[in-house]
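Student: let's see this in three dimensions:
(one chain, ligands or ions: 1)
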Amino acid sequence: MPPGILRNSLSIGKVTLGFPARLLIRTKEGQRTVPSSKLDKGEPLTHTALHGCFGCGQHNRTGLRLRFYVDDTGQILSTVRLAGRFEGPPGHAHGGIVATLLDEAMSKTNRAQNIVAMTRHMEVDYLRPVPLRTTLQLTARHLSVEGRKHHCAAELRNAAGELLATGKALFIAIDPARFQASKPSMRAMKS
Ligand SMILES: CCCCCCCCCCCC(=O)SCCNC(=O)CCNC(=O)[C@H](O)C(C)(C)COP(=O)(O)OP(=O)(O)OC[C@H]1O[C@@H](n2cnc3c(N)ncnc32)[C@H](O)[C@@H]1OP(=O)(O)O
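Tutor: Numbers count the residues shown, from 1 in each chain. Below is the predicted model of the structure:
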C-alpha cells in the first residue's frame, strides 16, 4: 500500500480502490463530507462549470469527462477508465492523454481553493505503460504557492496501487474575467 495515499478501501465492482473513509465534496449547495462509498454514485464538483473542457467537461462527448473529489487533507482524487479511442501503444494510453490526466488533476488542487490558474510548465515521468479499459486512480496535491505561482504534483496508479506516471507543474493564477474578455468570438474563430 503506497504511504500517504491509501487509508481505506472502496470496492467498485470487482476492483478495490484505496480512498479515505470520507471525502469532502463540493456541490452547488456548498461543501460537505460524504462516505467514500458514495464515490461510485457520482458526486460532481462545481468545477464542471467548464462544460466544454476536454478533461472535465461533462458536456464534451469526445473528452475524458473526469469527475474529481477532494478529501479533507486537500488531496484531489478521481477514478478513471480510459476508452479505446485514447490508445497510443497497443492496449495502452497515449502519452498525451496521460499528461492530460495529471494536468487536469493538478489544476483541481487550485480550483479546490477557488484559485483559477493555468498550466505554465509541466513535467511527466512515464513509469509504466497505462492500460486502457481498466480502473485507474488519479491523485493530486498542491505543494506550495509563491505569489501567483502554484506548484502541484500528481500521480496515476493502477487499481493495485502501482505507480504508473507522475507529474509536477507550475500553474500561474489568472484573472478569469480578463481571460473571458480576451476569448476569441465564435465569429472570429469561423473566419
Ligand atoms: C474563465 C475560466 C478560465 C479557466 C482556465 C483554467 C483552466 C485549467 C485547465 C487545466 C489546465 C490547462 O490545461 S491550462 C491550458 C494550458 N496552458 C495554457 O494555455 C497557458 C498559456 N500561457 C499563458 O496564458 C501565460 O503564460 C500564463 C497565463 C500561464 C502566464 O502568463 P503571465 O501572466 O504573463 O505570467 P509571467 O509573468 O510570464 O510569469 C508569472 C511568473 O511565473 C514565472 N515563471 C514563468 N515560467 C516559469 C518556469 N518555467 N519556471 C519557473 N517560473 C516561471 C515568471 O518568472 C513569473 O514570476 P514572477 O516574476 O511573478 O516572480
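Student: how many residues are close by the residue nearest to C53 when sequence neighbours are not counted?
Tutor: Nearest residue to C53, sequence neighbours excluded (C-beta to C-beta, 6 or more residues apart in numbering): N60, at 6.4 Å. Bear in mind the C-beta positions are built from the backbone N, C-alpha and C, glycine included. Other residues near N60 come to 15 when the count uses other C-beta atoms under 10 Å.
Student: try E146
Tutor: Using other C-beta under 10 Å, E146 has 8 other residues around it.
Student: quick check: phi and psi at it.
Tutor: Main-chain torsions, E146, degrees, to the nearest 10: phi -140, psi 100.
Student: beta partners for it?
Tutor: When bridges are called by DSSP bridges, E146 pairs up with K149.
Student: any regions of this protein where pLDDT drops low?
Tutor: 1-50, 185-191 (pLDDT under 70).
Student: the same query, at a cut-off of 90, please.
Tutor: For the chain, the stretches flagged by pLDDT under 90 are 1-52, 57-59, 69-74, 112-114, 176, 179-180, 182-191.
Student: before we move on, back to that, distance of the residue nearest to C53 from the ligand?
Tutor: For N60, the distance to the ligand equals 12 Å [C-beta to the nearest ligand atom, to the nearest Å].
Student: state the helix or strand in which that residue lies.
Tutor: Secondary structure assignment for N60, by DSSP states H and E: no helix or strand.
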